[in-house]
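[1] Provide a 3D model corresponding to the input given below.
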Amino acid sequence: MFTLQRIETHTQEIKKSRFLAVCGPVSSEQAARDFIAEQSDLTASHNCWAFRIGQTYRFNDDGEPSGTAGKPILQAIDGQGLDHIAVVVIRWFGGTLLGSGGLIRAYGGTAAICLRAAEKVEVIETVEAAVDCEFSDLALIKARLAGLGVVISAETFTDTGASLALQIPKDTVQSAAAMILDLSRGRTALAWDD
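    Sure, this is the predicted structure:
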C-alpha cells in the first residue's frame with residue numbers, strides 16, 4: 001500500500017464550475033477529519049470529500065446528488081491503491097448543471113488527476129513498543145534501532161538511563177527485540193502491547 005509524501009492540489013474548470021482537489025496523507029480518522037475541516041472552503045458551493053485508513057473509509061457529497069461526489073472521490077483513492085489518505089474536492093458553481101454523470105466524472109476525475117500527480121511513499125505498518133535502557137547502552141541501542149528503520153517517538157531520561165517510545169516496522173519487531181536483549185547483555189528487553 002502507498003500513501004502520499006505531502007499535500008498535493010489540482011484545479012480544473014468544467015463548464016464554468018471551478019473544481020479544486022486537495023489530497024494529503026493522514027494517520028488516523030481524526031487526522032482525516034481535521035484535514036477535511038482545514039482544507040474546506042466555506043465560501044464554495046460544495047466541499048465533497050473521502051478518506052481511507054485501512055478498512056475505515058468515509059465519504060460525503062455535501063449537498064450534491066447522492067453518490068455523485070464523495071463515492072467517486074473514494075473510488076479514485078481505491079483505484080490507485082492508496083491508503084492513509086484524505087481528499088477534498090471543492091466546487092464553485094459556475095451556473096451550468098452537469099447532471100449526475102457529469103458530476104461523477106468531475107469529482108472523481110479531479111481527485112484522480114490530483115492523486116496521480118502526487119509523490120507516493122510506501123505505508124509501513126508499525127508496532128508501538130517501549131524499552132528502558134541504561135546510559136551505557138543508550139547510544140548503541142539508538143544507533144542500531146535507526147538501522148532497522150525504528151522511529152523513536154519519545155525519549156524520557158531517568159536517573160540511570162532512558163525510556164524510549166518506539167515505532168517499529170512490523171516485520172522487524174523480533175530482530176529489534178533480539179538486538180536490544182543482546183546489546184544490553186540481557187539487562188533490558190523490548191516491551192510491546194500484543
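[2] what's the domain layout of the protein?
    As recorded under automatic domain parsing, the domains making up the chain are 2-122, 126-192.
[3] could I get those domains as CSV with mean pLDDT?
    Compiled in CSV, the domains of the chain are given as follows (pLDDT from 0 to 100):
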stretch, mean pLDDT
domain 2-122, 92
domain 126-192, 84
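[4] Out of those, indicate the one that is most buried.
    For those, the largest average neighbour count (mean count of other Cβ atoms under 10 Å) is found in domain 2-122, namely a mean of 18. C-betas here are computed from N, CA, C, even on glycine.
[5] how distant is that domain from the center of its chain?
    Shown here is domain 2-122, whose average C-alpha point lies 14 Å from the average C-alpha point of the whole chain (Cα atoms, centre = their mean, to the nearest Å).
[6] Endpoint to endpoint, that domain covers what distance?
    Distances were taken as Cα to Cα, to the nearest Å; on that basis the terminal residues of domain 2-122 are 4 Å apart.
[7] same thing with stretch 116-136?
    OK, stretch 116-136 end separation, Cα to Cα: 48 Å.
[8] what does that stretch rub up against?
    Stretch 116-136 is touched from outside by 1-6, 8, 10, 23, 80, 82-84, 141, 149, 151, 153, 158, 160-170, 173, 176, 180, 184, 187-193, with contacts defined as Cβ atoms under 8 Å, 6 or more residues apart in numbering.
[9] Which ones among those residues lie within strands?
    Filtering those for membership in strands, criterion DSSP state E, returns 2-4, 8, 10, 23, 151, 153, 161-169, 191-192.
[10] Leaving out chain neighbours, which residue sits closest to residue 92?
    On the basis of Cβ to Cβ, 6 or more residues apart in numbering, the spatially nearest residue to residue 92 that is not a chain neighbour turns out to be residue 18, at 4.5 Å.
[11] Show me what the helix or strand encompassing the one you found packs onto, helices and strands only.
    Remark: residue 18 resides in strand 17-25, with elements defined by DSSP states H and E. In terms of contact count using 3 or more Cβ pairs under 8 Å, 6 or more residues apart in numbering; DSSP states H and E, strand 17-25 is assigned the packing partners strand 2-4, strand 8-14, helix 29-39, strand 85-92, helix 99-117.
[12] what would the ones you listed look like in a markdown table with distance to residue 59?
    A markdown table is the format used below for the helices and strands packed on strand 17-25 (distance: least, Cβ to Cβ, whole Å):
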| stretch | distance to residue 59 |
| --- | --- |
| strand 2-4 | 18 |
| strand 8-14 | 18 |
| helix 29-39 | 11 |
| strand 85-92 | 9 |
| helix 99-117 | 10 |
